[in-house]
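Student: could you look at this predicted model? Sequence included:
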Amino acid sequence: MAEPSAAAAGGLVAGSSTTSSVAFRWAGPASGPPPGKYLILNDGKVIGSVPGTVTSYRGTGLAPATAYQFRVAAVRGGKRSALSSVLVVATSRPPVSAARLDGRWTVGVKVVQGASDLRGIPKSHSWDESWRFSPRCAAGPCAVRLMGRFGRLRFKTTLARAGAVYRGKTVGNVFPCGSGSNSFPIRSTLRIRVKTAQVAGRAWSAGSWSGTMGIAAPYTSSGAFYCPASHQAVSLAASS
């Protein structure tokens, strides 16, 4: 006598979730033996199974802040039951401070203080630069290596991370003292602060950020020429 097909799983209920996992459970058969196993389906595709004596499942390795559609089918004697109703379960949403800062960005810079001490910048005191952030870890948010340009200075530095804020500094010849044959370099210190603002994509990467840069130029002289100490404040903004 052929073994009867297993009854369909019912009563799917969501359990706890994290930023990368979800859990749910269902009701086993009201009477009779349990099925040989349960198949777990996501968006119509089988992604796993559990023994027929188990009526719960946790999916892992999922994207944050994302909804997933699960169904369950019971299997007995090689025969699959009807699919359960659809259960939609979402992973939890991490804070913006957990966003990963990565990739190449076009950065809008604007000198908001001290522009009168500079030469060779646009009259609007604003322009675009290209910066690239490379995380110092394989996954998740962490300190980043920053390669960028500001004025005539190409720089590399590391920004340490604290929550959504990254900080670091570099030293170099941002803007020279004087012009033409009388110009000479100034070793200015740039202090950079970047804060992630929004998130884009399933990888939970920063989708926009804003920041500030403080430039401190010391008194510098060469022969009969000199430039007094100066300070500039710069605003930074970028979006994907």
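Tutor: Thanks, I have it.
Student: walk me through the domains of the chain.
Tutor: Under the assignment automatic domain parsing, the domains of the chain span 10-90, 97-239.
Student: straight-line length of the last one, end to end?
Tutor: Start and end residues of domain 97-239 are separated by 16 Å (C-alpha to C-alpha, to the nearest Å).
Student: same check on the first one?
Tutor: Domain 10-90 has an end-to-end distance of 20 Å (criterion: C-alpha to C-alpha).
Student: on that earlier part again, columns mean pLDDT and mean neighbour count on top of the domains of the chain, output as CSV?
Tutor: Where C-beta positions appear, they are placed from N, C-alpha and C, glycine not excepted. As requested, the domains of the chain are exported to CSV (pLDDT from 0 to 100; neighbours: other C-beta atoms under 10 Å):
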stretch, mean pLDDT, mean neighbour count
domain 10-90, 93, 15
domain 97-239, 90, 16
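Student: next up, the contacts around the residue most central in space within the chain.
Tutor: In the chain, the centroid-proximal residue (C-alpha atoms, centre = their mean) is S205; its distance is 1.9 Å. Residues counted as contacts of S205 (C-beta atoms under 8 Å, 6 or more residues apart in numbering) are A99, R100, L101, D102, G103, V199.
Student: let's see it at 7 Å
Tutor: Residues near S205 by C-beta atoms under 7 Å, 6 or more residues apart in numbering: A99, R100, D102, V199.
Student: so which of those are in helices?
Tutor: Counting by DSSP state H, the contacts of S205 place none of their members in helices.
Student: of all those residues, which comes closest to V13?
Tutor: Comparing the contacts of S205 against V13 with C-beta to C-beta places V199 closest, at 29.1 Å.
Student: phi, psi of the closest residue in space to that closest one that isn't next to it in sequence?
Tutor: Sequence neighbours aside, A99 is the residue nearest to V199 in space, at 4.8 Å (criterion: C-beta to C-beta, 6 or more residues apart in numbering). Dihedral pair for A99: phi -70, psi 150, per degrees, to the nearest 10.
Student: S181 now?
Tutor: With angles defined as degrees, to the nearest 10, S181 sits at phi -70, psi -20.
Student: quick one: contacts for it?
Tutor: By C-beta under 7 Å, 6+ apart, S181 lies in contact with nothing.
Student: can you check V111 too?
Tutor: Contacts of V111 by C-beta under 7 Å, 6+ apart are L118, I121, H125, Q232, V234.
Student: mind putting those in JSON lines, distance to S179 and secondary structure included?
Tutor: Shown next, in JSON lines, are the contacts of V111 (distance: C-beta to C-beta, whole Å; DSSP: H, G, I helix; E, B strand; the rest coil):
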{"residue": "L118", "distance to S179": "11", "secondary structure": "coil"}
{"residue": "I121", "distance to S179": "12", "secondary structure": "coil"}
{"residue": "H125", "distance to S179": "18", "secondary structure": "coil"}
{"residue": "Q232", "distance to S179": "18", "secondary structure": "strand"}
{"residue": "V234", "distance to S179": "21", "secondary structure": "strand"}
